[in-house]
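Undergrad: coordinates only, sequence not included:
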DNA sequence: CTAAAAATTTAGGCTTACCTAAATTAATAA
DNA sequence: TTATTAATTTAGGTAAGCCTAAATTTTTAG
């Protein structure tokens, strides 16, 4: 069984890989809030245990073993987020932090019980897919709202959960998962957007638009 | 904030104190499954941080600070047990183990939310009192069934949760919290009891009787 | 193409919390 | 009361994960 620290490394490597970024010592150090030298140490250890492959000075890549372990944690994390949201009525801006620790101590029995109570959900409250027990992850084909052409009508499928304030803001302008909106206007010089939600028109910055993922409708 | 390990020490010291036992290096080592020498180390550290007083070669005693910290953990532990039992329908023989880890990571926000959902319970599923936020603990005036005189009619108030198999056994003979029973006969030579639950008469050993706490009714 | 800058790794250390073995103190039995 | 036994503490170590500073490798700019 990987330690809590190892689990955190694997999870963050998976996230970085998923975003298509190269997984370097420094990007990992940034995610984990840890000195780069410490990351090198751990990476060598994880490589020795075949959780990942390490090309010195180049970066790392999860092995199948590493990917499996990462997905187990992520499954627990997202199920717990779902539970916090659905059963204990936490806001979507609060749940990620609460789940950070629980993901590491949740027993398999607990995982199954919660999955059952929730009715075997496929996505978490931010629209991220909940990995299946067999290691399958449904990939959500959504594109960032910032890429939507003028006039497009779209539906929100996912919101990046990395920043609680962003989530709060998104709620505050009346957006939530599955909500429909249309792009009224794209402002060239600052790349901001004017979107229409229901009958309201709202201006949002690129930063916000880049973190809202949608599908055409 | 005390570390997880410190919390475990404080909790077990509290338990031992509560049972009226002297809290010695070896009794603690036994509870924590740790070598006595390691306990001495930690005890000196905790004494330095004023969580407890240490009389070398004699034993330890929690300070008020230590008692407070212990009760915070125990409150979280018992609330979580209650939640597992009431909301997720875990058996009373499963919950203690599940709560061992969660007690250390449960946020105060989570604690409040659960307390609320459960309707501010006063006792956990084993009949142990849930300490209040202000550090008050209702003491349950119950005596062990093994002390009940022949002919006595009693009600179950608490069952020692230290042993899951005992809890299972107690359930299996039809006993649970608040159930009434009467002592039909006390067998002298092995101190076992014949008790009557509803219309059934059952023989139970001292070991079992010593772990069931009752009040006269 | 090379020199400076940036990223990565190596070296040497630290802290927490554990361990075993040896020394010391306390308890117990003759 | 003293010798033996039991409990406790001290001494010296270990492993996991982190750190800073120095050395090395890679990238980038001129």
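TA: Happy to help now that I have it. These numbers come from a predicted model, not from an experiment. Numbers count the residues shown, from 1 in each chain, chains lettered A, B, ... in the order given.

Undergrad: can you give the domain ranges for chain A?
TA: Following automatic domain parsing, chain A resolves into domains at A:4-62, A:72-139, A:143-216.

Undergrad: please identify the most buried of those domains.
TA: domain A:72-139 (a mean of 18; mean count of other C-beta atoms under 10 Å in any protein chain shown). For the C-beta atoms, the positions are set from N, CA and C on the backbone; glycine is no exception.

Undergrad: so that one, near chain B or not?
TA: Yes. Residues of domain A:72-139 contacting chain B under C-beta under 8 Å from any C-beta of the partner chain: A:87-90, A:94, A:98, A:101-102, A:105, A:107, A:109-110, A:113-114, A:117.

Undergrad: what's the end-to-end length of that domain?
TA: By C-alpha to C-alpha, to the nearest Å, the extent of domain A:72-139 from end to end equals 16 Å.

Undergrad: related to what we said a few turns ago, max pairwise distance over the residues of domain A:72-139 next to chain B: which two?
TA: Taking every pair in the residues of domain A:72-139 next to chain B and measuring C-beta to C-beta, the maximum separation is 25.4 Å, between A:94 and A:109.

Undergrad: residue A:128 against residue A:79, yeah?
TA: No. In this structure residue A:128 lies outside contact range of residue A:79 using C-beta atoms under 8 Å: 11.3 Å.

Undergrad: ok so, going back, between the domains of chain A, which one is closest to DNA strand D.
TA: Closest approach to DNA strand D among the domains of chain A is made by domain A:4-62 (3.1 Å; C-beta to the nearest atom of the strand).

Undergrad: can you tell me the SS state at residue A:178?
TA: With DSSP: H, G, I helix; E, B strand; the rest coil as the basis, the three-state label of residue A:178 is coil.

Undergrad: what residues does chain A have near DNA strand C?
TA: Within reach of DNA strand C by C-beta under 7 Å from any atom of the strand, chain A has these residues: A:24-27, A:29, A:36-37, A:39-41, A:43-44, A:54, A:56-57, A:59.

Undergrad: taking these one by one, which sit in strands?
TA: A:54, A:59 (DSSP state E).

Undergrad: which residues in chain A form helices?
TA: A:4-18, A:25-32, A:36-48, A:64-86, A:95-102, A:108-117, A:164-172, A:206-210 (DSSP state H).

Undergrad: how much space between residue A:154 and residue A:140?
TA: 14 Å (C-beta to C-beta, to the nearest Å).

Undergrad: ok, now residue A:21?
TA: From residue A:21 to residue A:140 the distance is 18 Å (C-beta to C-beta).

Undergrad: quick one on the thing from earlier: can you redo the domains of chain A as TSV with mean pLDDT?
TA: Formatted as TSV, these follow (pLDDT from 0 to 100):
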stretch	mean pLDDT
domain A:4-62	97
domain A:72-139	97
domain A:143-216	96
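
Undergrad: so which of these gets nearest residue B:188?
TA: Across those, residue B:188 has its closest neighbour in domain A:72-139 (43.6 Å, C-beta to C-beta).
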